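Student: here is my input; please provide its structure:
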Amino acid sequence: PVELTCVAHRAVEHPKGLGESEAASTSGGDRYFQSMVTAPGQQPQDETQVVASGWNYPNLYQMIEASGQKVVASTVLKVFAQDENWTDTTLTVSPGQRLWFDFKSDGFWDVGEGMNSVSYQFLRYSNLSGRMVDADGYVGYYADDRDSAVNVNIGSLAGRVGAGEKFHVGTFKRDYEPLSTGPLTLQMTDIPGEYADNNGFVTVRIAVTEAQ
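Tutor: The predicted model follows:
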């Protein structure tokens with residue numbers, strides 16, 4: 001006979017974390033929890049914290065509240081390095097609203113072996129081609145020929161609101177007010193036609209906010 005025990009983990013995504021309980025407020029909210037499997041006749045145990053959330057800013061919602069704003073919409077999604085199309089976040093930005101971005105600490109990608117630009121030649125000769133990076137990309141190596149986005153790091157995360165404005169997201173974009181309104185989409189910064197050999201993804205958490 002073999003006795004099996006199953007443990008499941010899930011990220012709690014809610015503007016208030018786990019509500020207003022003391023345990024939630026002291027931990028910063030947005031925690032991982034385990035559901036305990038109990039023997040027949042036993043009472044289920046209370047949910048308990050088991051690991052850190054893994055977000056760069058686990059207290060993101062507290063930061064938003066401290067800034068005098070409230071969350072009106074949020075989502076968590078993966079953006080894949082090989083996807084040459086803009087990834088739909090399902091979020092829409094209205095006039096006066098702001099954007100907050102956060103990332104999982106284990107999200108990395110690379111731009112593969114493409115060499116069709118001066119910047120890629122630098123990557124090649126600097127021994128950086130194929131090196132995994134986060135949403136900041138290859139700092140100092142610019143995709144100057146990408147949609148007129150001058151001085152944007154190759155491999156960094158870019159955002160677009162509506163059909164117009166493109167902007168650098170990176171890993172530090174918080175409390176940002178876009179210059180335009182409309183659907184929010186995301187994409188890795190790379191040279192058009194050079195996405196097929198990319199690898200990896202980043203997990204991004206986005207909150208759309210407005211003044212309270």
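Student: in three-state terms, label the nearest residue to residue 104 once chain neighbours are set aside for me.
Tutor: Closest residue in space to residue 104, ignoring its immediate chain neighbours: residue 203 at 3.9 Å, by CB to CB, 6 or more residues apart in numbering. Where you see a C-beta, it was placed from the backbone N, CA and C, and this is true even at glycine. With DSSP: H, G, I helix; E, B strand; the rest coil as the basis, the three-state label of residue 203 is strand.
Student: residue 174 against residue 61, yeah?
Tutor: No - the criterion here is CB atoms under 8 Å, and residue 174 misses it with residue 61 at 11.9 Å.
Student: do a quick rundown of the helices in the protein.
Tutor: With helices called from DSSP state H, the chain shows them at 22-27, 60-66, 118-125.
Student: where among the ones you listed is the average confidence lowest?
Tutor: In terms of mean pLDDT, the lowest-scoring of these is helix 22-27 (a mean of 40).
Student: right, and residue 169 touches residue 153 too?
Tutor: No - contact criterion CB under 8 Å: residue 169 and residue 153 do not qualify, at 10.8 Å.
Student: okay, these two: which has more neighbours?
Tutor: Using other CB atoms under 10 Å as the criterion, residue 169 and residue 153 rank with residue 169 on top: 24 against 21.
Student: returning to that earlier point: and the residue nearest to residue 104, how many neighbours?
Tutor: 18.
Student: can you check residue 194 too?
Tutor: For residue 194, using other CB under 10 Å, the count is 20.
Student: where does it fall, phi/psi-wise?
Tutor: Backbone torsions for residue 194, taken as degrees, to the nearest 10, come to phi -110, psi 20.
Student: how near is it to residue 82?
Tutor: According to CB to CB, to the nearest Å, residue 194 and residue 82 sit 10 Å apart.
Student: over to residue 175?
Tutor: In this structure, residue 175 and residue 82 are 31 Å apart, going by CB to CB.
Student: who has more neighbours out of those two?
Tutor: Taking neighbours as other CB under 10 Å, residue 175 and residue 82 compare with residue 82 leading, 15 against 12.
Student: what residues does the more buried one make contact with?
Tutor: Counting by CB atoms under 8 Å, 6 or more residues apart in numbering, residue 82 touches 195-196, 198-199.
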